[in-house]
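> Quick one: sequence and predicted model below, then my questions.
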Amino acid sequence: METPAPTKSASILQIIGGLYILFGSFTLVSMLSNGKLCFAPLEGQTGLMADMLRSNPSYASIMRALFLPGLVFAVVQFGSGVGLLRLSALARKVAIGCALYGFAAALFTTWLTITYTLPFTLSHTLQQVKNPAMMETTRNITLAAGYVGIVLGLLYPLAAFILLKRIKIPRYSLPPSC
């Protein structure tokens, strides 16, 4: 018994599913590795993120509050990605919810980036520059990288939402057995 070839819409759903698995995996690894920054004492920890959390208690509180929702989102996103690979109608609905949550989270992250992260990163990066002639270039690259991250963070969940809303799960009918 042959299964029919996947349609173009099924292929798009499976690509989104693969991306959901990939991004969910990255988020899980990131959340687990950064958990020590959010919950362990910051004394003795090194790196840009530890410096940022130490310097701004409000930012540290926000990051701690976002840890559990981010962890749950990563697991749900990963699971919906697996379901999309299997062309599950329920997984499509969950993936639409993930896209909406992802867009809302991206809006909040945009505010967080503009308010806290980008100014701190820019200041920290500029302190590392030893050549005064490179100061303006470094500033522009840092700002461009921050804004590109913001745009991509907003576009992906929006594009996923639009595609997931338009594309329905194809129904395959099995050929009659001989």
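Everything's here; your move.
> which residues of this protein fall in helices?
Under the criterion DSSP state H, helices of the chain are mapped to 8-39, 48-55, 57-85, 89-112, 118-128, 135-166.
> Other residues contacting the second one?
Outside of helix 48-55, the residues within contact range by Cβ atoms under 8 Å, 6 or more residues apart in numbering are 34, 37, 38, 42, 59, 60, 63, 116, 117, 120, 121, 124. For glycine as for every other residue, the C-beta is placed from the backbone atoms N, C-alpha and C.
> Can you tell me the centre-most residue of this protein?
In the chain, the C-alpha closest to the average C-alpha coordinate belongs to residue 23, at a distance of 6.0 Å (Cα atoms, centre = their mean).
> Quick one: residues contacting that one.
residue 77.
> Model confidence at residue 176, what's the number?
In this model, residue 176 is scored at 57, pLDDT.
> nope, residue 45 is what I meant
For residue 45, the model assigns a pLDDT of 77.
> List the buried residues for stretch 44-60?
The neighbour-count criterion (16 or more other Cβ atoms under 10 Å) identifies 49, 50, 52, 53, 59, 60 as the buried residues of stretch 44-60.
> hmm, back to that, please list only the buried members of the contacts of helix 48-55.
Applying 16+ other Cβ under 10 Å to the contacts of helix 48-55, the neighbour count classes 37, 38, 42, 59, 60, 63, 116, 117, 120, 121 as buried.
> Next, count neighbours for residue 78.
Residues lying near residue 78 (other Cβ atoms under 10 Å) number 20.
> Check the buried residues of stretch 44-60 and tell me the two furthest apart.
Taking every pair in the buried residues of stretch 44-60 and measuring Cβ to Cβ, the maximum separation is 11.8 Å, between 50 and 59.
> which stretches of the protein have low pLDDT?
Applying pLDDT under 70 to the chain picks out residues 1-6, 170-178.
> again, only this time at 50
Counting by pLDDT under 50, the ranges of the chain that qualify are 1-3.
> separation between residue 97 and residue 76?
To residue 76, residue 97 is 8 Å away according to Cβ to Cβ, to the nearest Å.
> Please identify every residue contacting each of those two.
Common neighbours of residue 97 and residue 76, using Cβ under 8 Å, 6+ apart, do not exist here.
> Quick check: of the buried ones among the contacts of helix 48-55, which lies closest to residue 160?
Out of the buried ones among the contacts of helix 48-55, the member with the shortest distance to residue 160 (by Cβ to Cβ) is residue 117, at 23.6 Å.
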